[in-house]
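K.L.:
Give me coordinates for this.
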Amino acid sequence: MNIKGIKLKVTLLLILCWSISQAGLGQTNKGRLVEHIVRKSETVYSIAQRYGTSVEKVYELNPWAKDKIKDGDKLMVLSTLDSLEIASQQTRTHHIEAGETVYRICRMYDISEEALLRANPGISASHFPIGVELRIPASTTTHTTDSLSHEEREEHKAKREAIKVLLMLPFRGMPRHVEFYEGFLMGMNDLKKDGISINLTALDIPDLNTLKHHVSSGILYGHDLVIGGISDDQIQLIASKMPSEGLYVIPFSSQEYSNLKASNFIRINQPAREVVARAIPKFLDKYNGYKIYLAGRNQDREEPFADELKKSLKQSGSDVRYIDLDRQTTVNDLPARSVVVPVSSSRDLGLKLFSAISHNNCTIFGYPQWQSYGTDFLSKARKYNATIYSSFFFNPESPDGKLFLTKYRAWFNKKTGNNYPKFSVLGYDMARYFIRGYASLGLELTTHSHLLPSDGLQLDIELDRMVEANGFGNMKFYFVTYAQDGSIQRISL
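P.N.:
Below you'll find the predicted structure:
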């Protein structure tokens, strides 16, 4: 694998260890990577001169800086000059901020929970009020850094603070997984701005035998987060061998895994039936007081959403109205407060429905697949203020969406793949959520995920114990409305 800056190319075996720390990014044989906060009137040239590097090297590490830098921006710079340690070892205090936990504070200051609680009577894991000033006792670490050089101190700091992440996916011939990895790196880069240090090891896993080899060598041990596995046998192997001191995240599969005995695994992609079960009540709330119609043709196979909706309507005593699009090529006189639901996600059925009800002022409720049918299809759906449900939704026209796509192209000199979901954005969201979550909550992430901001570009996450298995699953999904005025309204549910 060849890494230039943060740009990468995946080869047959890919092993990447990448550390990001608050004060710096580690040692290279040509200098030291440090973070520089841009001050007013500084230029890329003056910054490069200050650190004894070149403008080209600054741009290589920070492609976005070619556009413009401003006061407060953070640059990664390869310094060839010596720097001094200025941090003092004074008596420390810390004010509790929103989202912080006993675990996070102890990890931040390298102290035990017992020592922190003993120094702060009345404070506990369950009673940790925002704004309270904590007394931080001296670190109980056996090896102090007082006699270490600056470089050794930074290395020591990175080692004890870093969140250790293991990513195991097949990369060769799998461009979607490469994009996931690239987006993951972008998410990691964002987290460094919050002072989160990360050690990432990424392995190319082309087959089960390769995975068995790595697992038998003990690769899973010592990692806080393990992300990977694309087949049932790979997932079962990782879950069965995953140490209890870490969390295993299943990134893509939506299987139920009721046979997994481990309790520290997290499934991100929800089974379709679970999404439908949660979406139906939200649909009925949204369209309370509307007349509800199902629409289809003889050739259309009724999908779970339509089937479950029909059952719910019958159970509540509501009428089940049906539009037969084989017999009715034109449908007139639908009430204004009516919603039409096609019985399947078929693109052809959607187009047939748009044409048949074109003279009505009703609305339509559709499927996740609709977002992949192109702008022409969606422009027709907008006429009816169509809403879809989906576990994943990325809006490339939103400010954050545009910024991500711009940065991705600058980093990797290519556009993201046109797939659903977008794997690059999925990697970005998962890096930001799980690494930030583990830094804040540790193993309590699974039971306290509601404390974390759910601000994904394509995926919102809130974890809960699975009904059918010992692990945890994501419970969030979206209602997305394509409005007549051209806007897109995304509501996280």
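
K.L.:
Could you list the low-pLDDT ranges of the chain?
P.N.:
With pLDDT under 70 as the threshold, the chain has low-confidence stretches at 1-33, 40-41, 81-91, 98-99, 103, 107, 113-114, 124-126, 138-161.

K.L.:
Show me how it divides into domains.
P.N.:
With domains defined by automatic domain parsing, the chain comprises 99-145, 162-270+400-476, 273-390.

K.L.:
Now do the end-to-end distance for the longest one.
P.N.:
Spelled out, that is domain 162-270+400-476. When the termini of domain 162-270+400-476 are compared using CA to CA, to the nearest Å, they are 29 Å apart.

K.L.:
residue boundaries of the helices in the protein?
P.N.:
Ranges of helices within the chain are 44-51, 55-61, 102-109, 113-119, 150-161, 175-191, 208-216, 232-241, 272-286, 304-315, 347-356, 375-382, 399-412, 423-441, based on DSSP state H.

K.L.:
Just give the nearest non-adjacent residue to F180, would you?
P.N.:
Here the nearest residue to F180 in space, its sequence neighbours aside, is G427; by CB to CB, 6 or more residues apart in numbering that works out to 3.9 Å. (Glycine included, C-beta is placed from N, CA and C.)

K.L.:
Check S424 too.
P.N.:
Spatial nearest neighbour of S424, chain neighbours left out: G183 (3.7 Å); criterion: CB to CB, 6+ apart.

K.L.:
The one you found and L426: what is the separation?
P.N.:
G183 sits 7 Å away from L426, going by CB to CB, to the nearest Å.

K.L.:
repeat for F479
P.N.:
Distance from F479 to L426, counting by CB to CB: 20 Å.

K.L.:
Among these two, which residue is more densely surrounded?
P.N.:
Between F479 and L426, counted using other CB atoms under 10 Å, the more crowded position is L426 (26 against 19).

K.L.:
The residue nearest to F180 is in contact with M188, isn't it?
P.N.:
No - because the distance of 9.7 Å does not satisfy CB atoms under 8 Å, G427 is recorded as not touching M188.

K.L.:
Which one's more surrounded, the two?
P.N.:
Ranked by neighbour count (other CB under 10 Å), G427 and M188 place G427 first, with 27 against 23.

K.L.:
ok, now which ones touch S254?
P.N.:
267, 269-272 (CB atoms under 8 Å, 6 or more residues apart in numbering).

K.L.:
Recalculate using a threshold of 7 Å.
P.N.:
By CB atoms under 7 Å, 6 or more residues apart in numbering, S254 lies in contact with 269-271.

K.L.:
Just the closest of those to Q49, please.
P.N.:
Each of the contacts of S254 was checked against Q49 using CB to CB; the closest is N269, at 48.8 Å.

K.L.:
so what's the closest one closest to, chain neighbours aside?
P.N.:
The shortest distance from N269 to any non-neighbouring residue, by CB to CB, 6+ apart, is to S254 (4.2 Å).

K.L.:
which residues do G427 and M188 both contact?
P.N.:
Shared contacts of G427 and M188, defined by CB under 7 Å, 6+ apart, are absent.

K.L.:
re the thing from before, with distance to I136 as extra columns, can I get the helices of the chain in JSON lines?
P.N.:
Formatted as JSON lines, the helices of the chain follow (distance: least, CB to CB, whole Å):
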{"stretch": "helix 44-51", "distance to I136": "32"}
{"stretch": "helix 55-61", "distance to I136": "34"}
{"stretch": "helix 102-109", "distance to I136": "5"}
{"stretch": "helix 113-119", "distance to I136": "7"}
{"stretch": "helix 150-161", "distance to I136": "15"}
{"stretch": "helix 175-191", "distance to I136": "23"}
{"stretch": "helix 208-216", "distance to I136": "39"}
{"stretch": "helix 232-241", "distance to I136": "37"}
{"stretch": "helix 272-286", "distance to I136": "43"}
{"stretch": "helix 304-315", "distance to I136": "53"}
{"stretch": "helix 347-356", "distance to I136": "59"}
{"stretch": "helix 375-382", "distance to I136": "54"}
{"stretch": "helix 399-412", "distance to I136": "36"}
{"stretch": "helix 423-441", "distance to I136": "18"}
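
K.L.:
right, and V58 touches R50 too?
P.N.:
No - in this structure, V58 is not within contact of R50 by CB atoms under 7 Å, at 10.6 Å.
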